[in-house]
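J.: Here is my input; please provide its structure:
(2 chains)
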Protein chains: 2
Amino acid sequence: MAPFTSYMQEALREARAAADRDETPVGAVIVDPARDEIIAAEGNRTREMNDPTAHAEVLAIRSACAKLGSERLPGLDLYVTLEPCPMCATTISFARIRRLYFGAYDPKGGGVEHGPTIFNQPTCHHAPETIGGVSETDAAVLLKVFFGSRR
Amino acid sequence: MAPFTSYMQEALREARAAADRDETPVGAVIVDPARDEIIAAEGNRTREMNDPTAHAEVLAIRSACAKLGSERLPGLDLYVTLEPCPMCATTISFARIRRLYFGAYDPKGGGVEHGPTIFNQPTCHHAPETIGGVSETDAAVLLKVFFGSRR
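T.: Residues are numbered from 1 along each chain as shown, chains lettered A, B, ... in the order given. Modelled structure (predicted):
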């Protein structure tokens, strides 16, 4: 398995754990590619934490920043099962993430390939390399099953 | 003094306290207009907390959500000394803030009137009423002095 596929599998594991907590099933991991090491792994916790910012990406970035004692994470990569929203995309830019891998595309709420396309804005000071559609089907099925079961 | 001006004075107080901590001088307060009451007041703490999401607006929203035990704050207003960035604007939308009052306009980093103009996106599900330029000069002078003293 290519390394980026196995890291996305870890993110998918976090997404499934989020679904088990009755949270929107999105998971994220932060990886140090130079050391082939996961620095942080988180899933959504907006309901549990009563915090609209507790998306998987934000929690993973905050956790990695706390571990490394820095508000920036240059050289690190982020894997997330769903296209980041504009809040998360801006956070990814602020944190100077090197490369963003995401799973399913999100036409309704995404902020990378859809909506405000944050990284294309002239006011965006750092854009990560971005690779979308990684393990896209797995991520999309997880969301579909979750929202399907709530109707 | 009109109520909205006095709430902005509180936000400016938080901004000055942030400058004293060597943080970018931006302050925010969350107000319950029905009860004429401040629910949360915060200033930037990105350096202190090693957290790129620790903008005044995000901290104030997290604090108010924690106090009220809800991830949404409908009916509440946010006062912030600077035009919110795209991360904060999206957070404000997620939190269902009723009305946003901001001080100085931010052509370089703002996400409300500039850059991705988050609330105008078709993918934005809640846009607060927005009033910009409140006590604009006070907020702008504070930022100018802070950044001027660092050159």
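J.: which residues sit in contact with residue A:102?
T.: Residues in contact with residue A:102 (CB atoms under 8 Å, 6 or more residues apart in numbering or on different chains) are A:79-84, A:112, A:130-134. No exception for glycine: its C-beta is placed from N, CA and C like everyone else's.
J.: 6 Å - rerun?
T.: The neighbours of residue A:102, taking CB atoms under 6 Å, 6 or more residues apart in numbering or on different chains as the test, are A:80, A:83, A:132.
J.: Report how many residues lie close to residue A:59.
T.: 24 (other CB atoms under 10 Å in any protein chain shown).
J.: That one - nearest residue in space that isn't next to it in sequence?
T.: residue A:42 (3.8 Å; CB to CB, 6 or more residues apart in numbering or on different chains).
J.: In a helix, that neighbour, correct?
T.: No. Per DSSP: H, G, I helix; E, B strand; the rest coil, residue A:42 lies outside any helix segment and is strand.
J.: circling back to that earlier point, among the contacts of residue A:102, which ones are in strands?
T.: Residues of the contacts of residue A:102 located in strands (DSSP state E): residue A:80.
J.: between the contacts of residue A:102, which is closest to chain B?
T.: residue A:83 (11.0 Å; CB to the nearest CB).
J.: What residues does the closest one make contact with?
T.: Counted by CB under 6 Å, 6+ apart, residue A:83 has contacts A:102, A:105-106, A:110, A:112.
J.: measure residue A:148 to residue A:19 for me?
T.: Distance, residue A:148 to residue A:19, by CB to CB, to the nearest Å: 12 Å.
J.: And the two? Which one has more around it.
T.: Using other CB under 10 Å as the criterion, residue A:148 and residue A:19 rank with residue A:19 on top: 19 against 9.
J.: Find the nearest non-adjacent residue to the residue most central in space within chain A, please.
T.: Centroid check for chain A by CA atoms, centre = their mean gives residue A:80 as the closest residue, at 3.1 Å. Using CB to CB, 6+ apart and skipping residues adjacent in sequence, the residue nearest residue A:80 is residue A:28, 4.1 Å away.
J.: what pairs with that neighbour across the strands?
T.: residue A:42, residue A:80 (DSSP bridges).
J.: What separation is there between it and chain B?
T.: According to CB to the nearest CB, to the nearest Å, residue A:28 stands 14 Å off from chain B.
J.: With residue A:110 instead?
T.: Using CB to the nearest CB, which is the criterion applied here, residue A:110 is 7 Å from chain B.
J.: Return the residues of chain A in contact with chain B.
T.: Within chain A, the residues that sit near chain B (CB under 6 Å from any CB of the partner chain) are A:46, A:50-53, A:58, A:62, A:65, A:69-71, A:86-87, A:90-91, A:94-95, A:115-116, A:121, A:123.
J.: Residue A:119: neighbouring residues, count only.
T.: Neighbours of residue A:119 (other CB under 10 Å): 20.
J.: Residue A:127 too?
T.: 16.
J.: need the contact list for it.
T.: Residue A:127 neighbours (CB under 6 Å, 6+ apart): residue A:119.
J.: Would you tell me which helix is longest in chain A?
T.: helix A:3-20 (DSSP state H).
J.: got the end-to-end distance for stretch A:44-60?
T.: Distance between the two ends of stretch A:44-60: 10 Å, counting by CA to CA, to the nearest Å.
J.: List the contacts of it.
T.: By CB under 6 Å, 6+ apart, stretch A:44-60 touches A:18, A:23-24, A:26-28, A:30, A:40, A:42-43, A:80, A:84, A:88, A:91, B:53, B:58, B:62, B:65, B:69-71, B:91, B:94-95.
J.: Kindly report the same for stretch A:109-117.
T.: A:83-86, A:89, A:107, A:118, B:116, B:121, B:123.
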